[in-house]
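[1] Sequence first, predicted model second:
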Amino acid sequence: ELWAKWEDAHGDTANLKRFVNTTLAETWEEKGDSIADVALIARLEQYPERLPIRLLTTFTDVQKDRLETTLVGWGMGEEAWVLEHVIHDGDTAAVGVWEDLAEYLEDKAPARAGIDSGYNTSMVYAFCERRKWAIPTKGVTGMGRPLIEDERRRRQRLRHRRKKGAYVEPLGVDQGKALVYSRVKLTVPGPGYVHFPQQADFDDEYFAQLAAEKLV
């Protein structure tokens, strides 16, 4: 009887999932494209004293109790050297942790600093309004949405930003994640390759989070 159910379930994903969950009492795992965090940890490297970096950027994720910021140096062909991953602990609805972030960013002087505005939005806007190089962002889902909108729409937003202060920059997160995953899968340094430094910031937890998602 079980074998008959097993055969009937093939060719129908919903039935196969139901069979695995309810008949075998096992968890169903979607097939998809993912990264092995162990493989990324194995790529940690000692950076030379001088790197061919032409541009620095940062991006900050906002949580209730902390700000997490990654500093990246960019070379020719968008070859990337991840330099630091810094956590500023503190209530992000209060001013103190934002002052810590401001001090850090002003010291590093990135060309652009993206800050996710999905949490404590008003604090993000207030921070970015006083700093032209800081940009509030908002992730928007949808595989058909580009990572960055076309140039005409961007100009309109930037004009609006100059008039009104901080204005959120929409990011197509599905395309963005697909792009990041394709870049970290490259194994030969060169255009598009992502380097990770051998330092304490980049531990098992960092790579577990980086490789946590799967494209299904």
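    Happy to help now that I have it.
[2] Bridge partners for residue 89, pull those for me.
    residue 66 (DSSP bridges).
[3] I figured residue 81 hits residue 72, correct?
    Yes. Using C-beta atoms under 8 Å, residue 81 is in contact with residue 72, at 6.9 Å. Any C-beta I mention is one placed from the backbone N, CA and C, and that applies to glycine too.
[4] got the contact list for the stretch of helix or strand residue 57 belongs to?
    According to DSSP states H and E, residue 57 maps onto strand 55-62. The contact list for strand 55-62 (C-beta atoms under 8 Å, 6 or more residues apart in numbering) reads 67-74, 83, 92, 101, 105, 108-120, 123-124.
[5] again with stretch 63-72
    56-61, 80-93, 97-98, 100-101, 104-105, 108, 110, 119-120.
[6] residues of it that come out buried?
    Neighbour-count burial for stretch 63-72, counted by 16 or more other C-beta atoms under 10 Å, picks out 67-72.
[7] And for stretch 195-212?
    Of all the residues in stretch 195-212, those buried under the rule 16+ other C-beta under 10 Å are 195-197, 202, 206-207, 210-211.
[8] could you give me the average pLDDT of that stretch?
    For stretch 195-212, the mean per-residue pLDDT is 89.
[9] Now do that stretch: distance to the chain's middle.
    Chain-centre distance of stretch 195-212: 13 Å, with C-alpha atoms, centre = their mean, to the nearest Å.
[10] Next: stretch 182-197.
    15 Å.
[11] try stretch 23-30
    With C-alpha atoms, centre = their mean, you get 30 Å for stretch 23-30.
[12] pLDDT averaged over that stretch - what is it?
    84.
[13] now stretch 83-95
    Mean pLDDT, computed over stretch 83-95, is 95.
[14] Dump the C-alpha coordinates for it into CSV.
    C-alpha atoms of stretch 83-95 as CSV (Å, rounded to 0.1, in the frame of the first residue of the first chain):
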residue,chain,number,x,y,z
LEU,A,83,37.0,44.2,4.7
GLU,A,84,35.0,44.3,7.9
HIS,A,85,31.6,43.2,9.4
VAL,A,86,30.9,45.4,12.5
ILE,A,87,28.0,45.1,15.0
HIS,A,88,27.0,48.2,17.0
ASP,A,89,24.9,47.0,19.9
GLY,A,90,22.1,49.2,21.3
ASP,A,91,18.4,50.1,21.0
THR,A,92,18.0,51.4,17.4
ALA,A,93,15.1,53.5,18.5
ALA,A,94,17.5,55.5,20.6
VAL,A,95,20.2,58.0,19.5
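[15] in that stretch, what counts as buried?
    For stretch 83-95, the neighbour count (16+ other C-beta under 10 Å) marks 83-86, 88, 90, 92 as buried.
[16] wait, doesn't residue 181 sit right on residue 215?
    Yes. Under the criterion of C-beta under 8 Å, residue 181 makes contact with residue 215 at 6.8 Å.
[17] Can you tell me which of the buried residues of stretch 195-212 is closest to residue 13?
    Set against residue 13, the nearest of the buried residues of stretch 195-212 by C-beta to C-beta is residue 211 (24.5 Å).
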